[in-house]
Each structure stands twice: as structure tokens, then as C-alpha cells.
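[1] Fold the following and give me the result.
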Amino acid sequence: MYAKATRLKLRWATSRGTLTTEDLWDLSLQNLNQLAKSLKKEIKVQDEEDFLEELKEEDTVLKLKFDIVLDILNVKKQEYKNSKEAAFNKEYNQKILGIIAAKENEALASKSIDELKAMIK
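    Next up is the predicted model:
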């Protein structure tokens, strides 16, 4: 799909100007969503044409553009979800490590002076 897009030198008209396939990766999820909606509308308009006619090359290019935008959108959504999950896990693990450190300090504080002196290296 991406090989075909680069061979065709596909370009996307957006509010940010004309973008290449590579530029799509820099768009936000909201911008990609808007672009996907816009392409979907164009596809629906073309679908209303006569079905007896063969598909025009521009119809297949439009479908390819939509598929690419949708793929990038899905990849970026998954990356965003993964980063949120990783941040949550990191925060959770830090909390657990803090509790472990506090418990170790409690155990150490409960030892007698002689035991503490014996532990000094």
C-alpha cells in the first residue's frame, strides 16, 4: 500500500497545505480523523455514480488514500494507547517501590542499636 503511494507520489490537500505520505505521520489524531472523514465523503459521492461503468483510476487512488490515512490513524491510536498504559504502569511501579522502601525503613528502624551497629559495613 505504501509502496504504491510513493510510486504514485500521492499528495493530500489539508488545511496545513499539500502533504506527502510521509508527512501524514506528523499529523495529530484529530487532523488524521478529519482527513479520513473528508476522504470517506468523497468516496461516498463517487459511489453514487453509475455502477455499470468501470472503476476509474481516480476512484482506486482515492480508496488507496483513504486506506493509508486510516492505517496511520490506527497505528497512532495504538501508540497513544500504549504510551498512556506505559505511563500508568511506571507511576504504579514507582508507588510500589516507594512503599517497599518505607517498609524496609520501618524494619530497619525497629532493630535495636546493637543490631544496627552489627549491620554497619
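
[2] Where in the protein is the helix or strand with the lowest mean pLDDT?
    Lowest on mean pLDDT, DSSP states H and E among the helices and strands of the chain sits strand 12-14, with a mean of 87.

[3] in its sheet, what does it sit against?
    strand 17-19 (antiparallel) (DSSP bridges).

[4] which helix in the chain runs the most residues?
    If you go by DSSP state H, the chain has its longest helix at helix 57-109.

[5] buried ones in the least confident helix or strand of the chain?
    W12, T14 (16 or more other CB atoms under 10 Å). Any C-beta I mention is one placed from the backbone N, CA and C, and that applies to glycine too.

[6] roughly how far is the longest helix of the chain from the heart of the chain?
    How far helix 57-109 lies from its chain's middle: 9 Å, per CA atoms, centre = their mean, to the nearest Å.

[7] What is it packed up against?
    Using 3 or more CB pairs under 8 Å, 6 or more residues apart in numbering; DSSP states H and E as the contact test, the elements touching helix 57-109 are helix 2-7, helix 29-47.

[8] most packed of these?
    Ranked by mean neighbour count under mean count of other CB atoms under 10 Å, these are led by helix 29-47, which reaches a mean of 14.

[9] what packs against that helix?
    Using 3+ CB pairs under 8 Å, 6+ apart: helix 29-47 touches strand 12-14, helix 57-109.

[10] Swap in 7 Å and give it another go.
    On a contact count with 3 or more CB pairs under 7 Å, 6 or more residues apart in numbering; DSSP states H and E, helix 29-47 meets helix 57-109.
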